[in-house]
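>>> Below is the sequence, then the predicted model.
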2 protein chains.
Amino acid sequence: MIASAAPQLLVFDVFGTVVDWHGSIAREVRALRAEVDAEAFALAWRAGYQPAMQRVRSGELGWTLIDDLHRLILDQVLQQFRVTDFGEAEKRHLNKAWHRLDPWPDVVAGLTRLKTRHTICTLSNGNIALLTNMAKRAGLPWDCILSAEVFRAYKPDPAVYLGAAKVFDLPPEAVMMVAAHQNDLAAARSCGLQTAYIERPAEFGIKQRKDVSPDPANTRHARDFVDLAAQLGC
Amino acid sequence: MIASAAPQLLVFDVFGTVVDWHGSIAREVRALRAEVDAEAFALAWRAGYQPAMQRVRSGELGWTLIDDLHRLILDQVLQQFRVTDFGEAEKRHLNKAWHRLDPWPDVVAGLTRLKTRHTICTLSNGNIALLTNMAKRAGLPWDCILSAEVFRAYKPDPAVYLGAAKVFDLPPEAVMMVAAHQNDLAAARSCGLQTAYIERPAEFGIKQRKDVSPDPANTRHARDFVDLAAQLGC
């Protein structure tokens, strides 16, 4: 761990770090079609996420919001799982399941504590409406919602991390990126941000435990948001 | 008044509508230099606001944040009021007074009620950091902070009003602009938004009462945010 001055601004990855996409998507799929393997469906939908964003990053697709990328992937996954009886309204409803993801149990308590001494802000590839709807439903007390949509670039593009620091007129080292993904943190670190890793061992479900071992390059390594709040003296 | 379906998204002008810029700026100026006419200083600073934005709208200035426009105007107003003994740190501190504006007394209670049935969001020419810092200090319970900064255009540019609807994937008529300024509402209305006028008779101080008479073109006319909440059934 590297000794650093206290960050003024904490920016948070959302999918997997704040909310349990796997459990939430599986729950909605299961409710719609009991015969589908809902956990596998959730994993397949999420597996399409990085390749879809890569099509935007590479310029193959113009700027496209996550809501629209989720829909492109959903249409493929429905085919893959041989679900052929979804109407347009049902597809739209299921696509919005990403607006209805549940937070991990420590999140609201942890954010509420962190907010007392820091500005807390999303920094997600999710679009603004998705993040706003999610926060309203789950009671996430963000001070501000920042998204790739504001910068028209997807993480790990440096424009996103540096853009957040610039919006708040702060040097990068006064900003801490909080995420459950080492690659997100590595990209933030290479822009000069502080980094905090959060253990989310069940991100991909309880059947496949995730490696959550510490990387000493991070400023902090925390079990969850309440642990991070304690480490930061909140 | 025009009968309309309930709006899903309420977007709020901030300076004058949500917060009392005149009283707050005058208070800070008075605290720094008792000999300056603080109310006149506040009016002069605000009077520079529209002309400064016009320099951006016309293309004379490239995209410039309100924090930076406020500073350009402040330097002129300090000269105008013959205040010559401000150091750089004091100027920077005073410029940030716009991040520390107090809300009108009805605002927190009214927003809290409106939030129960609507998504509530800023739609201000103020920059994101300014609006975030203001909300954190004053306890404004926004669901989302949208700013001219996101759209890189200043109200009354249609890009701002239509941009807010697009972010939330809503038709303009499902969005209601809330403001204490008829010109802001007229521009929103010409983009298809619903409009609510809020009376803020003391916006320019108690010495010069403002005309707050209704315009029948608006969807709603409310005394304050609590009255608007009651009218919208919240």
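Yes, it's here.
>>> Count residues in the vicinity of A:Gly163, would you?
Other residues near A:Gly163 come to 18 when the count uses other Cβ atoms under 10 Å in any protein chain shown. The C-beta positions use only the backbone N, C-alpha and C, and glycine is treated the same way.
>>> Domain ranges for chain A, per the record?
Chain A resolves into domains spanning A:9-20+A:101-231, A:21-99 when parsed by automatic domain parsing.
>>> Export the ones you listed to JSON lines and append columns for mean pLDDT.
As requested, those are exported to JSON lines (pLDDT from 0 to 100):
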{"stretch": "domain A:9-20+A:101-231", "mean pLDDT": "97"}
{"stretch": "domain A:21-99", "mean pLDDT": "96"}
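>>> longest helix anywhere in chain A?
Determined from DSSP state H, the single longest helix within chain A is helix A:66-80.
>>> How far does it sit from its chain's centre?
Centroid separation between helix A:66-80 and its chain, computed with Cα atoms, centre = their mean, to the nearest Å, is 18 Å.
>>> need the next SSE after that helix, C-terminal direction.
Using DSSP states H and E, the next helix or strand after helix A:66-80 towards the C-terminus is helix A:88-95.
>>> what's in contact with that following helix?
Here helix A:88-95 makes contact (Cβ atoms under 8 Å, 6 or more residues apart in numbering or on different chains) with A:28-29, A:32, A:67, A:70-71, A:74-75, A:78, A:86.
>>> Of those, which are in range of chain B?
With the criterion set as Cβ under 8 Å from any Cβ of the partner chain, the members of the contacts of helix A:88-95 near chain B are A:Asp67.
>>> Could you identify which of the contacts of helix A:88-95 has the most neighbours?
When these are compared by neighbour count (other Cβ under 10 Å), A:His70 ends up highest, at 25 neighbours.
>>> OK, contacts around it?
A:His70 makes contact with A:45, A:49, A:95, A:98 under the criterion Cβ under 8 Å, 6+ apart.
>>> mind running it again at 10 Å?
With contact set as Cβ atoms under 10 Å, 6 or more residues apart in numbering or on different chains, A:His70 has these partners: A:45-46, A:48-49, A:52, A:77, A:94-99, A:126-127, A:130.
>>> Help me confirm that A:Ile145 is found in a strand?
Yes: secondary structure of A:Ile145 (DSSP: H, G, I helix; E, B strand; the rest coil): part of a strand.
>>> Quick check: bridge partners of it?
On DSSP bridges, the residues paired with A:Ile145 through beta bridges are A:Thr122.
>>> Make sure it is actually in contact with A:Val18.
No: checked against Cβ atoms under 10 Å, the pair A:Ile145 and A:Val18 is beyond contact range at 11.9 Å.
>>> can you list residues touching both of those two?
Both A:Ile145 and A:Val18 are contacted by A:122, A:124, A:131, A:134-135, under the criterion Cβ under 10 Å, 6+ apart.
>>> highest average neighbour count across the domains of chain A?
For these, the largest average neighbour count (mean count of other Cβ atoms under 10 Å in any protein chain shown) is found in domain A:9-20+A:101-231, namely a mean of 20.
>>> first vs last residue of that domain, how far apart are they?
End-to-end distance for domain A:9-20+A:101-231: 15 Å, by Cα to Cα, to the nearest Å.
>>> now stretch A:96-107
The separation between the terminal residues of stretch A:96-107, taken as Cα to Cα, is 21 Å.
>>> what do you get for stretch A:81-94?
Across its full length, stretch A:81-94 reaches 15 Å between end residues, using Cα to Cα.
>>> Also stretch A:196-210?
17 Å.
>>> Wasn't A:Thr195 part of a strand?
Yes: A:Thr195 sits within a strand when classified using three-state DSSP.
>>> number of nearby residues for A:Ser4?
The local packing of A:Ser4 (other Cβ under 10 Å) involves 13 other residues.
>>> and it, helix, strand or coil?
Strictly by three-state DSSP, A:Ser4 counts as coil.
>>> returning to what we had before: would you mind writing the CA trace of the longest helix of chain A as PDB?
Once side chains and other backbone atoms are set aside, the C-alpha atoms of helix A:66-80 remain, and they are given as PDB (Å, rounded to 0.1, in the frame of the first residue of the first chain):
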ATOM      1  CA  ILE A  66     -24.900   1.000 -22.600                       C
ATOM      2  CA  ASP A  67     -28.700   0.700 -22.800                       C
ATOM      3  CA  ASP A  68     -28.500   0.200 -26.500                       C
ATOM      4  CA  LEU A  69     -25.400  -2.100 -26.200                       C
ATOM      5  CA  HIS A  70     -27.300  -4.200 -23.600                       C
ATOM      6  CA  ARG A  71     -30.100  -4.600 -26.100                       C
ATOM      7  CA  LEU A  72     -27.900  -5.700 -29.000                       C
ATOM      8  CA  ILE A  73     -26.400  -8.300 -26.700                       C
ATOM      9  CA  LEU A  74     -29.800  -9.400 -25.300                       C
ATOM     10  CA  ASP A  75     -31.100 -10.100 -28.800                       C
ATOM     11  CA  GLN A  76     -28.100 -12.500 -29.300                       C
ATOM     12  CA  VAL A  77     -28.400 -14.100 -25.900                       C
ATOM     13  CA  LEU A  78     -32.100 -14.800 -26.400                       C
ATOM     14  CA  GLN A  79     -31.200 -16.600 -29.700                       C
ATOM     15  CA  GLN A  80     -28.400 -18.500 -28.000                       C
END
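>>> Cool, thanks, talk later.
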